[in-house]
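Q: Turn this into a model:
(one chain, ligands or ions: 2)
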Amino acid sequence: MSQQATKEIIKLNINGVDEEVAVGPYDTLSKVLRDDLGMTGTKRGCDYGGCGCCTVILNGRSIYSCMMPARKAAGGKVRTIEGLEQDGKLHPVQDAYIRNFAFQCGYCTPGFIMSSVDLLESNKNPTEMDVREGIAGNLCRCTGYIKIIEAILDAAKATEK
Ligand code: FES
Ligand code: FES
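A: Ligands and ions are numbered 1, 2, ... in the order given. Just a heads-up that it's a prediction; the model follows:
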């Protein structure tokens, strides 16, 4: 049976917007975001759960979207890098990455930022070790991790109340 014949319509709320999309049984959330909805801010790296480029937040937790069957995410709330900026203002984590020069090619950056947002939403005052653990599932092949860690600690400070 062709995949076309087995497509099923699922609903997803993406960055606050309700979407309906036809997905095949083997479609992953990253495929749906990028290829079906044109949201290419979420990157595809290894496609097997090894690099974190594809990290998004699903129902409040950061996940590898390349490892999430789209049908399993049905009905869920997805946040991607495209949804962080609000009213033309970057998210404090995005700002901190820029201030701290925390990227070079930028390919890994959306995934790192989504992991950072998840970390800071669950721990507003992380230690350096918390930050290291929070981004342990993300790989960067060119910046090195020190600037990224500094950016996340800086973002935590900037949002301290
Ligand atoms: S593309 Fe998903 S973990 Fe590498
Ligand atoms: S900034 Fe290039 S891979 Fe991380």
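Q: who's in contact with Leu90?
A: When contacts are counted by C-beta atoms under 8 Å, 6 or more residues apart in numbering, Leu90 is found next to 84, 98. The way it works is simple: take the backbone N, C-alpha and C, and place the C-beta from them, glycine included.
Q: For ligand 2, see how far away it is.
A: As defined by C-beta to the nearest ligand atom, to the nearest Å, Leu90 lies at a distance of 17 Å from ligand 2.
Q: With Thr143 instead?
A: Distance check for Thr143 against ligand 2: by C-beta to the nearest ligand atom, it reads 4 Å.
Q: looking at it, that residue is touching Gln104, isn't it?
A: Yes - in this structure, Thr143 is within contact of Gln104 by C-beta atoms under 8 Å, at 4.9 Å.
Q: between these two, who's got more neighbours?
A: For Thr143 against Gln104, the residue with the higher neighbour count under other C-beta atoms under 10 Å is Thr143, and the figures read 19 against 14.
Q: now for stretch 9-26, what's the gap between its first and last residues?
A: From the first residue to the last, stretch 9-26 extends over 14 Å; the measure is C-alpha to C-alpha, to the nearest Å.
Q: Just the buried residues of that stretch, please?
A: Neighbour-count burial for stretch 9-26, with 16 or more other C-beta atoms under 10 Å as criterion, is recorded at 10, 12, 14-15, 19, 21, 23-24.
Q: How about stretch 127-145?
A: For stretch 127-145, the buried set under the neighbour-count rule, 16+ other C-beta under 10 Å, comprises 130-131, 134-135, 137-140, 143.
Q: between those residues, which is closest to Ile63?
A: Proximity to Ile63 was ranked across the buried residues of stretch 127-145 by C-beta to C-beta; first place goes to Gly137, at 9.6 Å.
Q: ok, the nearest residue to the closest one once chain neighbours are set aside - contacts?
A: By the measure of C-beta to C-beta, 6 or more residues apart in numbering, the closest residue to Gly137 outside its immediate chain neighbours is Gly52, 4.9 Å from it. Counting by C-beta under 8 Å, 6+ apart, Gly52 makes contact with 45, 64, 108, 111-112, 115, 135, 137-139.
Q: Apply 7 Å and report the result again.
A: Contacts were defined as C-beta atoms under 7 Å, 6 or more residues apart in numbering; by that measure Gly52 touches 64, 111, 115, 137-139.
Q: pLDDT score for the residue nearest the centre of the chain?
A: What sits nearest the mean C-alpha location of the chain, by C-alpha atoms, centre = their mean, is Val56, with 2.7 Å. Listed pLDDT for Val56 reads 98.
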